[in-house]
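>>> What would the 3D arrangement of this be:
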Amino acid sequence: MRPRALGTAGRGLLYEEVAAKMGGLIERGTFRPGDRMPSIRGLSRQMRVSISTVVEAYSRLEDQRVIEARPQSGYYVSGRPVRPKLVPTRVNLGEGPLLVMRTLSDASLVPLGTGAPNPQNLPAAKLTRMLAAQARRHPAESVSYSGTTGLSRLRTQIARRSLDAGCPLSADDVVVTSGCVEAVTLALQTTCRAGDTVAVAAPAYYNFLNFAQWMGLKVLEIPARPEEGMSLDVLGYAIRQNPIRACIVIANFDNPLGSLMPDERKRDLVRLLAKHEIPLVEDDVYGDLAFGPARPPAAKAFDENGLVLLCSSFSKTLAPGYRVGWIAPGRFQEKVERLKPLLNVATASPTQLAVAEFLTNGGYDHHLRAVRRVYARQVDEMRDAVLRHFPCGTSVSRPRGGFLLWADMPAEVDAFRLYDEARQRGIGVAPGTLFSAGNGFRNCVRLNASFWSASIARAVEELGAIARGIA
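Numbers count the residues shown, from 1 in each chain. Purely as a prediction, here's the structure:
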């Protein structure tokens with residue numbers, strides 16, 4: 001039996017309520033470190049909920065290290081501090097992480113660490129023809145500035161496609177940007193100032209940490225799970241403890257976890273932040289790459305207050321080199337439009353023309369259906385290979401979209417050492433420390449499945465052998 005959703009508007013899943021109540025009892029000292037928690041069946045009867053709901057609630061508390069399971073004995077309150085005060089961190093990535101970021105795009109390395117799609121899965125030939133044809137058809141427009149908000153034809157196509165994500169946008173709601181990176185930069189510069197605190201999922205996409213360092217922001221890392229993303233229970237607790245100025249999330253197929261936040265949790269996230277007037281910067285760059293028949297809605301679909309700044313691009317689906325992205329900034333539209341020309345005047349016109357034409361007449365949906373099937377197969381094959389070759393005890397995420405995998409190896413495996421030894425053998429990999437301001441996830445790696453082939457399979461086998469040698 002799946003945990004049922006509560007019927008009261010604005011409240012979360014039932015297991016989250018159970019977890020919050022039991023966590024509160026621990027926090028207030030009703031259950032002290034070392035105490036045995038009620039049995040699963042006993043708590044099920046006491047709270048009049050299903051056994052599966054209690055199992056999920058205890059799993060949530062275990063993830064938060066509030067309780068721990070003891071074989072053949074049950075669950076006990078952890079001896080570690082319960083709900084320690086969450087402290088914002090100033091980001092200082094240092095030379096090590098910056099060096100890793102530079103090597104991720106090294107073309108001489110086997111591309112297991114990059115976050116970019118395989119060019120062979122992109123419609124390069126068709127886009128090239130359209131780029132040339134649009135330049136001939138619109139010679140003056142192709143060499144002119146497109147204006148602050150971008151070409152009207154492209155914005156109209158983006159607005160029409162936004163319906164698939166549950167967002168009824170108009171062309172006037174959209175500002176075209178030079179990739180999703182610029183969109184997120186605009187969102188953060190619009191909502192934050194130096195010294196402010198932003199909440200991010202942990203592990204966090206390393207560019208979010210880069211933004212924070214560049215802008216002088218502090219980050220508050222909120223634990224996330226590969227199954228459903230950021231913990232809303234911990235986020236709510238963090239909001240009560242800290243003045244959070246903005247929250248950044250990848251709700252659909254997170255980078256690096258690959259997690260898909262359930263729709264009801266997206267709704268709860270938006271409502272939680274709206275209650276405290278906290279803007280949500282949503283990166284939805286992987287949203288179109290769902291393996292299922294339907295694209296999941298964006299968190300923006302549940303925005304009733306204009307507080308969600310939806311950012312995306314065509315970098316993962318069509319052409320990362322074209323640098324065509326966009327932002328729907330809600331109530332921050334005017335500020336974004338004032339800031340955009342200060343960054344780069346306007347996004348390149350020729351690539352906007354080509355992408356607009358592809359969306360209109362290039363069979364974008366047909367392309368998506370084909371590439372989704374490819375990525376679904378490749379993710380499964382890489383996942384199976386990692387589980388076969390990596391050290392015993394390794395767990396691997398099971399994403400339902402995108403092409404990124406997160407491998408959590410035994411604690412004794414140093415992922416940075418794995419990165420260094422693999423690089424010396426011509427293999428690129430992204431160590432987990434890259435995705436944390438606090439040097440966490442030392443035994444984890446992010447892997448890219450979009451380049452899957454026989455040679456990549458051999459590289460994964462070799463990487464596993466290196467990891468087993470470190471363990």
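>>> mind listing what the residue nearest the centre of the chain touches?
A centroid search over the chain (Cα atoms, centre = their mean) returns Asp254, at 2.4 Å, as the residue closest to the centre. Taking Cβ atoms under 8 Å, 6 or more residues apart in numbering, we find Asp254 in contact with Ala201, Tyr205, Ala224, Gly229, Leu260, Met261, Tyr286. All C-beta spots, glycine's among them, are computed from the backbone N, C-alpha and C.
>>> Test my guess that the second one contacts Leu257.
No. Counting by Cβ atoms under 8 Å, no contact exists between Tyr205 and Leu257, whose distance comes to 9.7 Å.
>>> More neighbours: those two, which one.
Ranked by neighbour count (other Cβ atoms under 10 Å), Tyr205 and Leu257 place Leu257 first, with 28 against 23.
>>> What are the phi and psi values at the more buried one?
phi -70, psi -30 (degrees, to the nearest 10).
>>> Not counting its neighbours along the chain, what's nearest Ala471?
Pro391 (4.4 Å; Cβ to Cβ, 6 or more residues apart in numbering).
>>> which strands and helices sit next to the longest strand anywhere in the chain?
Among the segments of the chain that qualify as a strand by DSSP state E, the longest is strand 218-225. Judged by 3 or more Cβ pairs under 8 Å, 6 or more residues apart in numbering; DSSP states H and E, strand 218-225 is in contact with strand 89-90, strand 197-202, helix 206-215, strand 229-230, helix 232-241.
>>> Can you add mean pLDDT and distance to Ser152 and give the ones you listed back as JSON lines?
What follows is the helices and strands packed on strand 218-225, written out as JSON lines (pLDDT from 0 to 100; distance: least, Cβ to Cβ, whole Å):
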{"stretch": "strand 89-90", "mean pLDDT": "90", "distance to Ser152": "42"}
{"stretch": "strand 197-202", "mean pLDDT": "96", "distance to Ser152": "33"}
{"stretch": "helix 206-215", "mean pLDDT": "94", "distance to Ser152": "29"}
{"stretch": "strand 229-230", "mean pLDDT": "94", "distance to Ser152": "35"}
{"stretch": "helix 232-241", "mean pLDDT": "90", "distance to Ser152": "38"}
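>>> nearest to Ile470, of those?
Closest approach to Ile470 among those (Cβ to Cβ): helix 206-215, 22.4 Å.
>>> Could you list the alpha-carbon positions for the closest one in CSV?
Output in CSV follows, covering the C-alpha atoms of helix 206-215 (Å, rounded to 0.1, in the frame of the first residue of the first chain):
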residue,chain,number,x,y,z
TYR,A,206,28.3,22.4,-8.8
ASN,A,207,27.4,25.4,-11.0
PHE,A,208,24.9,26.4,-8.2
LEU,A,209,27.8,26.4,-5.8
ASN,A,210,29.8,28.4,-8.4
PHE,A,211,27.1,31.0,-8.6
ALA,A,212,27.0,31.3,-4.8
GLN,A,213,30.7,31.8,-4.6
TRP,A,214,30.8,34.4,-7.4
MET,A,215,27.9,36.4,-5.9
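>>> Can you list the neighbours in contact with it?
Residues from elsewhere that reach helix 206-215, judged by Cβ under 8 Å, 6+ apart: 91-93, 97, 101, 181, 184-185, 188-189, 192, 194, 198, 200, 217-219, 248, 434-437.
>>> ok, now with 6 Å
Outside helix 206-215, the residues that touch it by Cβ atoms under 6 Å, 6 or more residues apart in numbering are Val91, Leu93, Leu188, Val200, Val219, Ile248, Leu434, Phe435, Ala437.
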